[in-house]
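Enquirer: give the three-dimensional model of this entry:
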Amino acid sequence: MQVLVTGVAGFIGAALAERLLARDDRVIGIDNCNDYYDPALKAARLQRLEEQGGDFTFHKLDFADMGALESALDGVKIDRIVHLGAQAGVRYSLENPAAYVQSNLVGHANMLEIARHREVEHMVYASSSSVYGGNDKVPFSVDDRVDYPVSLYAATKRADELLSESYAHLYRFPLTGLRFFTVYGPWGRPDMAYWIFTRKILAGEPIPVFHKGEMWRDFTHIDDIIAGVLAVLDNAPADDGNVKAGGSTKPHALYNIGNHRSEKLTDLIAIIEEACGVKAQIDWQPMQAGDVVRTYADIDAISRDLGYTPTTTIAEGLPRFVEWYREYHGV
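Expert: Numbering: from 1, shown residues only. Sure, this is the predicted structure:
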């Protein structure tokens with residue numbers, strides 16, 4: 001099977017490509033390797049994929065550029081697509097909204113068009129837990145209303161879901177959206193709290209803690225995320241008129257991929273402190289615009305349909321990240 005993976009130099013994309021190659025799938029990777037965070041980390045992930053062996057082809061391009069996308073894929077057969085590429089980050093969307101419109105809206109529409117015209121078997125795409133906004137009901141279910149995003153990033157991800165529903169209705173090809181909940185682990189993203197805390201604690205610098213630490217997140221280890229993505233990729237929603245996860249009667253499903261645990265931020269800090277062997281200095285900060293107090297994934301739908309069962313707790317996963325961080329940075 002030949003799988004097109006966008007965002008392949010990113011955290012989830014590189015981990016997914018590694019697993020696809022390990023099971024002898026062919027992978028075409030796309031990424032523009034922008035400088036939202038250190039491009040050297042993205043280059044290191046790509047180098048690991050190249051060194052792994054297997055049938056891996058990489059194109060450095062922006063999937064929001066339809067001409068470049070079509071040129072790179074000309075004459076190439078694509079069986080399935082996993083569209084993970086996006087402009088990420090809630091806080092950065094306040095500073096540079098145009099980047100989110102271009103990548104997350106224009107880019108997603110381009111990938112839908114590629115999937116339609118290539119008649120792919122299944123396109124899986126990344127949504128986000130941020131679509132739930134400030135919902136008071138927890139855990140967050142794919143059946144909940146998500147009409148009130150509190151960040152531009154969340155709004156673009158919800159728009160992607162709606163565009164996908166329209167394509168599933170009009171063109172009847174299978175689509176599945178994945179609402180990821182706070183992914184962490186080795187080779188992760190430097191803009192995420194667990195990475196920032198580890199870096200600053202080891203450097204003896206104060207860590208920024210918002211809302212007096214009264215925040216909760218459903219932290220999900222990368223291994224559990226990839227297990228869920230693969231299960232979804234291999235099980236396309238049928239065009240049978242039955243109601244899918246998320247409520248569509250078209251060949252379009254929506255799933256939460258989380259750990260089904262809502263962990264308090266201060267507990268996360270305590271585990272990182274122990275793994276680092278250093279006590280954190282706290283820089284208390286107010287709640288940030290666009291942020292939410294709690295995320296918590298209801299994973300009943302993906303567990304029922306695909307047998308998804310996350311296994312990694314933060315007590316196990318965070319020390320693994322700290323160990324990787326020390327080795328990667330030599331500290």
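Enquirer: my guess is residue 224 contacts residue 316. True?
Expert: No: in this structure, residue 224 is not within contact of residue 316 by CB atoms under 8 Å, at 10.9 Å. The way it works is simple: take the backbone N, C-alpha and C, and place the C-beta from them, glycine included.
Enquirer: ok, these two, which is more surrounded?
Expert: Neighbour totals were compared for residue 224 and residue 316, and residue 224 leads with 20 against 11 (other CB atoms under 10 Å).
Enquirer: restrict whichever strand or helix holds that one to CA atoms and write it as PDB.
Expert: For residue 224, the host element (DSSP states H and E) is helix 222-233. In PDB, the C-alpha atoms belonging to helix 222-233 read as follows (Å, rounded to 0.1, in the frame of the first residue of the first chain):
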ATOM      1  CA  ILE A 222       2.900   9.200  20.800                       C
ATOM      2  CA  ASP A 223       2.800   5.400  20.800                       C
ATOM      3  CA  ASP A 224      -0.900   5.400  21.700                       C
ATOM      4  CA  ILE A 225      -1.600   8.100  19.100                       C
ATOM      5  CA  ILE A 226       0.100   6.100  16.300                       C
ATOM      6  CA  ALA A 227      -1.800   2.900  17.300                       C
ATOM      7  CA  GLY A 228      -5.000   4.900  17.000                       C
ATOM      8  CA  VAL A 229      -4.100   6.400  13.600                       C
ATOM      9  CA  LEU A 230      -3.100   3.100  12.100                       C
ATOM     10  CA  ALA A 231      -6.400   1.500  13.300                       C
ATOM     11  CA  VAL A 232      -8.300   4.300  11.700                       C
ATOM     12  CA  LEU A 233      -6.300   4.200   8.500                       C
END
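Enquirer: quick check: mean pLDDT of it?
Expert: For helix 222-233, mean pLDDT is 98.
Enquirer: same deal with stretch 312-319?
Expert: 96.
Enquirer: for the chain, what spans make up the helices?
Expert: Along the chain, counting by DSSP state H, helices occupy 11-22, 39-52, 66-73, 92-95, 97-100, 107-118, 152-171, 193-203, 222-233, 265-276, 300-306, 314-329.
Enquirer: and the fourth one, which residues are buried?
Expert: The one in question is helix 92-95. Within helix 92-95, the residues that count as buried by 16 or more other CB atoms under 10 Å are 92, 93.
Enquirer: circling back to that earlier point, out of the helices of the chain, deepest packed?
Expert: helix 11-22 (a mean of 23; mean count of other CB atoms under 10 Å).
Enquirer: so what secondary structure elements neighbour it?
Expert: The contact analysis (3 or more CB pairs under 8 Å, 6 or more residues apart in numbering; DSSP states H and E) places helix 11-22 against strand 2-6, strand 26-31, helix 39-52, helix 222-233.
Enquirer: ok, which of these comes nearest residue 205?
Expert: helix 39-52 (19.9 Å; CB to CB).
Enquirer: mean confidence score for that closest one?
Expert: For helix 39-52, mean pLDDT is 97.
Enquirer: what sits up against that helix?
Expert: 8-11, 14, 17-18, 21-22, 27, 29, 31, 33, 56, 58, 187, 190 (CB atoms under 8 Å, 6 or more residues apart in numbering).
Enquirer: can you rerun that using 7 Å?
Expert: Contacts with helix 39-52, where a contact means CB atoms under 7 Å, 6 or more residues apart in numbering, come from 9, 14, 17, 18, 21, 31, 33, 56, 58, 187, 190.
Enquirer: quick one, what contacts the first one?
Expert: In this case it means residue 9. Contacts of residue 9 by CB under 7 Å, 6+ apart are 31, 33, 42, 45, 46.
Enquirer: just for the stretch 201-331 of the chain, where's the confidence low?
Expert: Counting by pLDDT under 70, the stretch 201-331 of the chain contains low-confidence ranges at 290.
Enquirer: again, only this time at 90
Expert: Within the stretch 201-331 of the chain, the segments meeting pLDDT under 90 span 209-216, 260-262, 283-296, 331.
Enquirer: tell me the helices and strands packed up against the helix holding residue 224.
Expert: Contact analysis of helix 222-233 by 3 or more CB pairs under 7 Å, 6 or more residues apart in numbering; DSSP states H and E lists helix 11-22, strand 80-83, strand 122-128, strand 175-180, strand 183-184, strand 252-257, helix 300-306 as its packing neighbours.
Enquirer: sheet-wise, list the partners of the shortest one with their directions.
Expert: Strand 183-184 has the following strand partners under DSSP bridges: strand 220-221 (parallel).
Enquirer: mind listing what residue 112 touches?
Expert: 163, 164, 167.
Enquirer: with pLDDT and distance to residue 231 added, can I get those residues in TSV?
Expert: As requested, the contacts of residue 112 are exported to TSV (pLDDT from 0 to 100; distance: CB to CB, whole Å):
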residue	pLDDT	distance to residue 231
163	98	24
164	98	19
167	98	22
